[in-house]
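1. Next comes the sequence, and after it the predicted model I'd like to discuss.
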Amino acid sequence: MADGRRHPQPGDLIEIDRKVYQHWALYVGDGYVINVTPVDEGAPSLSVSTTSIFTRKAKVKKQLLKEVVGNNNWRVNNKYDRSHTPLPVKEIIRSAECWVDEEVPYDVLGSNCEHFVTMLRYGEGVSDQV
């Protein structure tokens, strides 16, 4: 469940608690999110191994939020809104949709799932996970 928080709106950042790290997705509406999933021999996002978070490639996927979340806790977390101005929602969604099914570089320190969704929301990638 959404930890009792508000329902996500298009353009919101979704933070998902995983065992060893936080996963991030961008809510695009109708129950769907866009997120990057490390390429780990076809492993679904729910069973990504801890070693695969250090991989060098990821695929951008549009998936149902409930499928990405599984049994993990999640919340809307637009925490960077205090320091960064979000782009217009239509622009965020249009840009996000253009990335679906693309392969992108991925590394946990410089180009992770949080960098990706914040780039879509704010026009620049930021992450305090590292």
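-> Arrived safely.
2. Any idea how far the least confident helix or strand in the chain by mean pLDDT is from the middle of the chain?
-> Across the helices and strands of the chain, mean pLDDT, DSSP states H and E gives its lowest value to strand 103-105, namely a mean of 91. Centroid displacement of strand 103-105 relative to its chain, using Cα atoms, centre = their mean, to the nearest Å, is 14 Å.
3. let's number from 13 now, not from 1
-> Happy to do that; since the first residue is 13 now, the last one works out to strand 115-117.
4. Can you list the strands that that strand pairs with?
-> strand 69-76 (antiparallel) (DSSP bridges).
5. buried set for the partner strand?
-> Within strand 69-76, the residues scored as buried using 16 or more other Cβ atoms under 10 Å are Ala70, Lys71, Val72, Lys73, Lys74, Gln75. Glycine gets a C-beta too; all of them are placed from N, C-alpha and C.
6. Ramachandran angles for His45?
-> To be clear, residue 45 is Val; His isn't right here. Phi and psi for Val45, reported as degrees, to the nearest 10, are phi -130, psi 160.
7. Return the per-residue confidence for it.
-> Among the per-residue scores, Val45 holds a pLDDT of 98.
8. circling back: redo the buried residues of strand 69-76 as TSV? Include distance to Ser95 and pLDDT.
-> What follows is the buried residues of strand 69-76, written out as TSV (distance: Cβ to Cβ, whole Å; pLDDT from 0 to 100):
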residue	distance to Ser95	pLDDT
Ala70	26	90
Lys71	29	94
Val72	25	96
Lys73	28	97
Lys74	28	98
Gln75	29	98
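9. Please verify my assumption that Asp38 contacts Met131.
-> Small correction: residue 38 is Leu, not Asp. No - look at Leu38 against Met131 with Cβ atoms under 8 Å: they stay out of range, at 9.7 Å.
10. Compare those two (neighbour count), which wins?
-> Set Leu38 next to Met131 and count neighbours by other Cβ atoms under 10 Å: Leu38 wins out with 28 against 18.
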